[in-house]
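>>> Sequence first, predicted coordinates after that:
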Amino acid sequence: MSIHYGLKGIVALESNISRIDGGRSILEYRGYNIHNLAANASFEETAYLLLKGKLPTTLELKKFSETLAERRELPGKIIGVLYNLPTINYPTVILRTIYSYLGDMDEKLFQINSEELMRKAIDLIAKTPTIIAYYQNIRENKPLTHPNKTLSHAANFLWMLNGIEPDRVEEKALDLDLVLHAEHTLNASTFAARIAASTLSDMYAGIVSATGTLFGPLHGGASHNVIKMLRELEGKDAKDIEKWIDNKLQKRERVMGFGHRVYKTLDPRAKELRKLAKKLDNLKGNAWIAVSDKLTEIVYRKKRIYPNVDFYAASVYANLGIPEDQYINMFVMGRIVGWITHMMDQYQNNKIIRPLQKYIGKEERAYIQIDKR
Ligand code: COA
């Protein structure tokens, strides 16, 4: 019995959703290279491509975008929940809790025919930015900024979050970030979503599982830790940064935002996000990329590992003024499309996911009565 810790190197299923070539820095959604999508496709177009398996025509995209825009508002009872939360500490915990409430309100919770799945999919994708923004409005004691149907997915989120419409650069920046996060083969959170679907549990349950899995600092939680690190190192010279890294590595701690299970060269999404973060730095007068570049050189020299998507996502979000503990939720806003697409695929070709273990404990022990122990 051979054991593969972390399922490293194990092929668990076949999929036509996305492809990574980790040696050649290639990522494709449905066969389309991520750099082409980054240059040309909006988040809405990318979501359509992933969910339906083909690029939309102009009319199909218009209809899909309009449907998404129409489904953004939250039911009044959910808004009531957001106003009455017992604590407000971790926005991602609240987000996954609201998904559970939405599931409980869905009268067709267990229906998994394609029409129903698509209805749930659109609902979840459309409502996620509203949950995040309303939560933020409420915790800042501001009135809710309701969704604006005339704005794109990305622009509408920034509008709801800040109460002012973003400029074109900010809208495009968030839109690109969402495109880059939308899908990434069988990562931990997607696997969690598929495991839930494989038991024929409902779509909300899969999204709750995936959101909980993404929350960990080795996955989506990395970007929040990256910004803390960048703030700590901002303005320090290369020598001091190197000392800081040495100290971390000596303690066998991870440098957040570096390394990847599949990419053994630079993550193509990191390449796109670095460009974007640099452009935003120049516009906003920040220097996140200056310190990021110093870190990249030092970490590569010491560990031969590259920055990943979360490393540069942190600078993009900082430049967009996103609250730091909401960074993981930005990842959810994009990746929810991939989770849902994988769940739909799992329902269609289902086999319950249930690996084996190797037992290493004692066997066939005699039971000892409690007064004899
Ligand atoms: N900082 C320091 N060393 C790292 C590292 C990091 N961020 N990522 C990997 N390494 C080192 C490991 O210590 C190990 O070195 P060793 O062989 O000398 O012990 C080697 O690189 C291989 O790492 P491993 O843990 O086997 O890789 P993995 O595939 O299991 O883990 C990650 C992948 C992403 C979990 C890991 O790189 C990590 O923890 N990164 C930081 C968190 C992060 O940014 N997550 C977001 C991913 S998109």
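Alright, I've got the coordinates. No experiment lies behind these values; they were computed from the predicted model shown.
>>> For this protein, which segments are assigned as strands?
18-21, 26-29, 32-33 (DSSP state E).
>>> Give the closest residue to Glu28 in space, chain neighbours not counted.
Once flanking residues are discounted, Glu28 sits nearest to Arg19: 4.7 Å by C-beta to C-beta, 6 or more residues apart in numbering. The way it works is simple: take the backbone N, C-alpha and C, and place the C-beta from them, glycine included.
>>> Check Ala47 too.
Using C-beta to C-beta, 6+ apart and skipping the chain neighbours, the partner closest in space to Ala47 is Val337 (4.7 Å).
>>> okay, the residue nearest to Glu28: pLDDT?
The score at Arg19 is 98. That number is its pLDDT.
>>> surely it meets Ile34?
No. The criterion here is C-beta atoms under 8 Å, and Arg19 misses it with Ile34 at 10.2 Å.
>>> who's more crowded, these two?
The residue with more neighbours, out of Arg19 and Ile34, is Ile34; 26 against 14, by other C-beta atoms under 10 Å.
>>> mind checking which of the strands of the chain is nearest Tyr367?
Closest approach to Tyr367 among those (C-beta to C-beta): strand 18-21, 50.2 Å.
>>> pretty sure Lys358 contacts Ser2?
No. Using C-beta under 8 Å, Lys358 is not in contact with Ser2, being 9.2 Å away.
>>> Next, count neighbours for the residue of the chain found nearest the ligand.
Closest contact between the chain and the ligand, by C-beta to the nearest ligand atom, is at Gly259 (2.3 Å). Neighbourhood size, Gly259 [other C-beta under 10 Å]: 19.
>>> what does the one 3 residues further on give?
In terms of burial, Val262 registers 14 neighbours under the definition other C-beta under 10 Å.
>>> what residues are up against the closest residue to it other than its chain neighbours?
Using C-beta to C-beta, 6+ apart and skipping the chain neighbours, the partner closest in space to Val262 is Gly22 (4.2 Å). Taking C-beta atoms under 8 Å, 6 or more residues apart in numbering, we find Gly22 in contact with His260, Val262, Tyr263, Lys264, Thr265.
>>> just checking, Glu165 touches Phe157?
No. The criterion here is C-beta under 8 Å, and Glu165 misses it with Phe157 at 11.3 Å.
>>> Which residue is the nearest non-sequential neighbour of the spatially most central residue of the chain?
Compute the mean C-alpha point of the chain, and by C-alpha atoms, centre = their mean the closest residue is Phe331, 2.8 Å away. Once flanking residues are discounted, Phe331 sits nearest to Gly220: 4.2 Å by C-beta to C-beta, 6+ apart.
>>> thinking again about what came up before, counting neighbours, go ahead and name the busier of Glu165 and Phe157.
The neighbour comparison of Glu165 against Phe157 (other C-beta under 10 Å) goes to Phe157, with 27 against 14.
>>> per-residue confidence at that one?
For Phe157, pLDDT reads 98.
>>> From Lys54, how far off is it?
26 Å (C-beta to C-beta, to the nearest Å).
>>> circling back: doesn't Asp310 make contact with the residue nearest to Phe331?
Yes. Using C-beta under 8 Å, Gly220 is in contact with Asp310, at 7.3 Å.
>>> what's the overlap in contacts for these two?
With C-beta under 8 Å, 6+ apart as the test, Gly220 and Asp310 both reach Phe331.
>>> got a list of what Leu356 touches?
Contacts here follow C-beta under 8 Å, 6+ apart; on that basis Leu356 touches Met1.
>>> start the count at 379, not 1, going forward
Okay, using 379 as the starting number, the last item reads as Leu734.
>>> Give me the phi and psi for it.
Dihedral pair for Leu734: phi -100, psi 170, per degrees, to the nearest 10.
>>> Now for the nearest residue to Tyr407 once chain neighbours are set aside, how many residues are close by?
Excluding the flanking residues, the one nearest Tyr407 by C-beta to C-beta, 6+ apart is Ser396, at 5.0 Å. Residues lying near Ser396 (other C-beta under 10 Å) number 22.
>>> ok, Ser396 touching Glu406?
Yes. Ser396 is within contact range of Glu406, at 6.3 Å (criterion: C-beta under 8 Å).
>>> wait, doesn't Leu446 sit right on Leu529?
No. The criterion here is C-beta under 8 Å, and Leu446 misses it with Leu529 at 11.2 Å.
>>> Who has more neighbours out of these two?
Neighbour tally, Leu446 and Leu529, criterion other C-beta under 10 Å: the higher count belongs to Leu446, 22 against 18.
>>> ok, now which ones touch Thr445?
Taking C-beta under 8 Å, 6+ apart, one finds Ile500, Ala504 in contact with Thr445.
>>> how does this structure divide up, domain by domain?
For the chain, automatic domain parsing gives the domain ranges 415-595+702-726, 600-697.
>>> Using TSV, please lay out those together with distance to Leu391.
Output for these, formatted as TSV (distance: least, C-beta to C-beta, whole Å):
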stretch	distance to Leu391
domain 415-595+702-726	7
domain 600-697	15
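>>> circling back: who's in contact with the residue nearest to the centre of the chain?
Neighbours of Phe709 in contact, by C-beta under 8 Å, 6+ apart: His559, Leu592, Gly598, Ser601, Asp688, Ala691.
>>> Just send those back as JSON lines, with distance to the ligand and neighbour count too.
Listed next are these as JSON lines, based on distance: C-beta to the nearest ligand atom, whole Å; neighbours: other C-beta atoms under 10 Å:
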{"residue": "His559", "distance to the ligand": "10", "neighbour count": "25"}
{"residue": "Leu592", "distance to the ligand": "10", "neighbour count": "25"}
{"residue": "Gly598", "distance to the ligand": "8", "neighbour count": "28"}
{"residue": "Ser601", "distance to the ligand": "8", "neighbour count": "27"}
{"residue": "Asp688", "distance to the ligand": "5", "neighbour count": "29"}
{"residue": "Ala691", "distance to the ligand": "9", "neighbour count": "30"}
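>>> Spell out which residues of the stretch 379-528 of the chain are next to the ligand.
Counting by C-beta under 6 Å from any ligand atom, the residues of the stretch 379-528 of the chain lying close to the ligand are Gly384.
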